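> Test case, fold it:
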Amino acid sequence: MQPRFVIVPAVPMETDVFRVGLRFYAATTSTGFDIYDNQEKIRLKRGFPSRSVGASACAKMNAESRNPEELFPLPRTD
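The predicted model follows:
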């Protein structure tokens, strides 16, 4: 079981696209960290620069939620 809000890596952004033969390659950069809401199943795009900053905001959101002791099952990976 896991808490309602968890910290996740942000979706990488493409910076350069180049071609080698028939294939295209994209260079990506990390844009920080976001918060995922396990109850609503949505990603809250906040763009925290570091995991520690995001983790503190995540802990605050979990403490302020309606039922902070409520846990959610881990997602299945079948």
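> got the buried residues for the helix or strand hosting Asn62?
Element membership for Asn62, per DSSP states H and E: helix 51-64. Within helix 51-64, the residues that count as buried by 16 or more other C-beta atoms under 10 Å are Gly54, Ala57, Cys58, Met61, Asn62. C-beta coordinates here come from the backbone N, C-alpha and C atoms, glycine included.
> Output the below-cut-off pLDDT ranges for this protein.
Counting by pLDDT under 70, the low-confidence segments of the chain come to 68-69, 73-78.
> which strands and helices sit next to the helix holding Asn62?
Where contact means 3 or more C-beta pairs under 8 Å, 6 or more residues apart in numbering; DSSP states H and E, helix 51-64 is packed against strand 5-9, strand 33-37, strand 42-48.
> so which of these is the most packed in?
strand 33-37 (a mean of 18; mean count of other C-beta atoms under 10 Å).
> okay, the buried residues of helix 51-64 in a markdown table with distance to Arg43 next?
Shown next, in a markdown table, are the buried residues of helix 51-64 (distance: C-beta to C-beta, whole Å):
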| residue | distance to Arg43 |
| --- | --- |
| Gly54 | 12 |
| Ala57 | 14 |
| Cys58 | 13 |
| Met61 | 13 |
| Asn62 | 16 |
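> For Arg4, state which of the residues you listed is nearest.
Asn62 (6.0 Å; C-beta to C-beta).
> mind listing what the nearest residue to Leu44 once chain neighbours are set aside touches?
Nearest non-adjacent residue to Leu44, counting by C-beta to C-beta, 6 or more residues apart in numbering: Ile35, 4.5 Å away. Contact analysis of Ile35 by C-beta atoms under 8 Å, 6 or more residues apart in numbering lists Phe5, Val6, Ile7, Val8, Arg43, Leu44, Arg46, Gly54, Ala57, Cys58, Met61.
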